[in-house]
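> Quick one, fold the following:
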Amino acid sequence: MSPESILAIAVLYLLLNGISFFLFGTDKRRAVEDRHRIRESTLIVSGLFGPFGALAGMKLFRHKTRKPLFKVIYVFLVIHLALIFALVWEFFPF
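The predicted model follows:
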């Protein structure tokens with residue numbers, strides 16, 4: 001895999017996590033303002049693809065931290081960490 005490909009994947013991954021963070025922040029703001037909310041399913045799917053951003057949004061905005069369904073974000077995070085570790089191990093063996 002070329003360095004350009006790795007960079008493109010890393011940028012995409014950061015973008016997905018940023019979008020997830022933004023969605024959690026937006027939903028919290030809308031909740032406080034009593035406006036139309038973002039669907040929970042949308043937040044969960046964003047957490048599937050961007051668990052770091054979702055968890056950061058949950059913690060920073062204190063949003064959806066008590067809902068049992070959103071504990072799945074931690075599972076997504078562990079899966080992503082395992083995949084990242086496996087990819088790093090595969091392409092950059094020590």
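
> and the nearest residue to F49 once chain neighbours are set aside, what does it touch?
In this structure, F49 finds its nearest non-sequential neighbour in L16, 4.8 Å apart by CB to CB, 6 or more residues apart in numbering. Where you see a C-beta, it was placed from the backbone N, CA and C, and this is true even at glycine. With contact taken as CB atoms under 8 Å, 6 or more residues apart in numbering, L16 is in contact with 46, 49-50, 53.

> And for the closest residue to F91 other than its chain neighbours, the neighbour number?
Of all residues not flanking F91 in the chain, M1 sits nearest, at 6.3 Å (CB to CB, 6+ apart). Residues near M1, counting by other CB atoms under 10 Å, number 9.

> residue ranges for the strands of this structure, please.
Using DSSP state E, no strands are found in the chain.

> can you put the contacts of L16 in a markdown table and add neighbour count, pLDDT and distance to I79?
As requested, the contacts of L16 are exported to a markdown table (neighbours: other CB atoms under 10 Å; pLDDT from 0 to 100; distance: CB to CB, whole Å):
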| residue | neighbour count | pLDDT | distance to I79 |
| --- | --- | --- | --- |
| S46 | 23 | 98 | 15 |
| F49 | 16 | 98 | 11 |
| G50 | 27 | 98 | 13 |
| G53 | 25 | 98 | 15 |
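
> All set now, cheers.
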